[in-house]
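# Kindly return the folded structure for what I paste below:
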Amino acid sequence: MSNHVAIFCKRELRSYFDSPIAYIVITIFLLISGWFFFSDLFLANQASLRNLFGIIPFIFMFFIPAITMRLISEEKKSGTIEILLTLPVKDHQIILGKFLAGMILISVAVILTLVYTFTLSGLGNLDSGSVASGYLGLIFLGAAYLSIGIFTSSLTQNQIVAFIFSFLIIFVLYLLDNVLMFVPGFLISLFEYLSVNYHFSNISRGVIDSRDVIYYLSLIFLFLFLSVRALSSRKWR
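Next up is the predicted model:
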């Protein structure tokens with residue numbers, strides 16, 4: 001990782017944790033995921049992480065757009081983006097720095113949910129393989145959503161617009177495998193493959209398939225590439 005990427009990463013992390021943003025978002029994330037976990041544990045009397053892995057992708061649809069909506073749009077609105085673009089740094093270094101900072105924040109939130117795993121491990125034997133693959137799936141999913149959020153933030157100065165656009169893109173990708181009954185048969189495999197939820201379900205079940213990994217890496221690369229292009233386009237206006 002280049003020094004410039006590290007500098008932008010630290011800069012974004014400082015902006016997260018020097019303000020209430022990170023603490024509020026992580027706290028809300030843990031409260032919601034914790035409620036579903038403990039309701040499953042005590043009300044349904046089921047010692048399983050399946051419900052937790054089922055609800056976190058849905059929470060991510062709100063959680064991640066909320067932390068990405070300001071990443072570039074705020075820079076544009078305040079005018080600091082013009083200063084950044086005059087510095088001897090490449091556009092992709094700015095994007096990667098912001099992406100890594102967002103990934104650290106998401107990873108912190110996900111790691112804190114390990115308390116639920118430790119709780120269950122004290123009650124009985126857990127399949128460590130499926131738990132590990134479930135958390136791996138969450139990291140891939142979070143990275144994909146994050147890249148989408150950065151892209152939409154690079155398109156506008158308005159944080160609310162960036163939030164809405166990223167939510168809509170994520171929601172559509174999440175919903176694709178739930179509308180298969182309404183699409184023509186020859187499109188079913190395409191819709192299924194494009195669905196982020198389909199690939200996450202495969203990984204969270206303990207099936208680490210190269211097709212799922214390639215899908216997430218391709219999605220992340222695509223939206224980060226589009227973010228760089230959107231940022232570069234300002235130089236030609």
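# Could you use CA atoms for every contact and neighbour count after this?
OK.
# now the helices for the protein?
With DSSP state H as the criterion, the chain has helices at 3-17, 21-38, 50-68, 73-78, 80-86, 91-112, 114-121, 128-153, 159-175, 188-194, 196-204, 210-232.
# most tightly surrounded among these?
helix 128-153 (a mean of 23; mean count of other Cα atoms under 10 Å).
# which helices and strands sit right next to it?
helix 50-68, helix 91-112, helix 159-175, helix 196-204, helix 210-232 (3 or more Cα pairs under 8 Å, 6 or more residues apart in numbering; DSSP states H and E).
# re the thing from before, can you redo the helices of the chain as TSV with distance to Phe182 and mean pLDDT?
Shown next, in TSV, are the helices of the chain (distance: least, Cα to Cα, whole Å; pLDDT from 0 to 100):
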stretch	distance to Phe182	mean pLDDT
helix 3-17	42	79
helix 21-38	30	85
helix 50-68	22	87
helix 73-78	37	76
helix 80-86	44	67
helix 91-112	34	90
helix 114-121	37	80
helix 128-153	25	91
helix 159-175	12	92
helix 188-194	9	83
helix 196-204	17	88
helix 210-232	23	92
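# could you dump the helices and strands packed on helix 128-153 to TSV with distance to Ala6?
Below are those laid out as TSV (distance: least, Cα to Cα, whole Å):
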stretch	distance to Ala6
helix 50-68	18
helix 91-112	6
helix 159-175	24
helix 196-204	29
helix 210-232	17
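# got the contact list for Phe140?
213, 216 (Cα atoms under 8 Å, 6 or more residues apart in numbering).
# Phi, psi for Val207 please.
Main-chain torsions, Val207, degrees, to the nearest 10: phi -100, psi 100.
# now the most centrally placed residue in the chain: how far from Phe118?
Centrality entry for the chain: nearest residue to the mean C-alpha point is Gly142, 2.5 Å, by Cα atoms, centre = their mean. Distance from Gly142 to Phe118, counting by Cα to Cα, to the nearest Å: 22 Å.
# can you check Val108 too?
Val108 sits 16 Å away from Phe118, going by Cα to Cα.
# One more: Pro65?
29 Å.
# Over to Leu31?
Noted for Leu31: a distance of 17 Å to Phe118, by Cα to Cα.
# Same question for Tyr198.
Using Cα to Cα, Tyr198 is found at 27 Å from Phe118.
# Equivalent analysis for Leu136, please.
17 Å.
# now what about stretch 66-84, what contacts it?
Taking Cα under 8 Å, 6+ apart as the rule, stretch 66-84 contacts 21-22, 25, 98, 102, 146, 149-150, 152-160, 162-163.
# can you do 6 Å?
Under the contact criterion Cα atoms under 6 Å, 6 or more residues apart in numbering, stretch 66-84 has outside partners 149-150, 153-154, 156-157, 159, 162-163.
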